[in-house]
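J.: below is the sequence, then the predicted model.
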Amino acid sequence: MVVPIDFRTPKGRLIKPQAQSVREILDQNAIVLAVKEIELSTALEKLETSPDLVVTDSQAIMRVMNELPQNVRLTTFSI
């Protein structure tokens, strides 16, 4: 998950769609990795394999899309 943090995000909290996504992923017995958009490249470099899916906010979709390998699926919290 790529989680943009801006002035509208309450300090110390995730917005509801982000929290719901974390819960759904955990309920599916999958692994969640959440990073800010400025940390995405570093996180991808540290992973041994590419993620199966990246979920981001629509405001960061273009930046995230440009940083992901083409074989990684991408969606937004909005869908």
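T.: Okay, I see it.
J.: all contacts plus neighbour counts: C-alpha atoms, from now on.
T.: OK.
J.: please name the bridge partners of T76.
T.: Beta-bridge pairing for T76 (DSSP bridges): T56.
J.: now do the helix or strand of the chain with the lowest mean pLDDT: everything it contacts.
T.: Least confident helix or strand of the chain, by mean pLDDT, DSSP states H and E, is helix 16-27 with a mean of 91. The contact list for helix 16-27, computed with C-alpha atoms under 8 Å, 6 or more residues apart in numbering, reads V3, I31, V32, F77.
J.: list the contacts for the first one?
T.: Read it as V3. V3 makes contacts with Q18, A34, V35, K36, E37, T56, D57, as judged by C-alpha under 8 Å, 6+ apart.
J.: now name the helix or strand holding R63.
T.: helix 61-67 (DSSP states H and E).
J.: about what we covered before: give the next helix or strand downstream of the least confident helix or strand of the chain.
T.: Sequence-wise, the next helix or strand downstream of helix 16-27 (DSSP H and E) is helix 40-46.
J.: in the helix holding R63, what counts as buried?
T.: I61, V64, M65 (16 or more other C-alpha atoms under 10 Å).
J.: where are the low-confidence patches of this protein?
T.: Low-confidence segments of the chain (pLDDT under 70): 79.
J.: between the contacts of helix 16-27, which is nearest G12?
T.: Distance to G12, by C-alpha to C-alpha, is smallest for V3 among the contacts of helix 16-27, at 12.9 Å.
J.: would you mind measuring from that closest one to N29?
T.: 21 Å (C-alpha to C-alpha, to the nearest Å).
J.: got it, and A43?
T.: 21 Å.
J.: so which of these two has more stuff around it?
T.: A43 (13 against 9; other C-alpha atoms under 10 Å).
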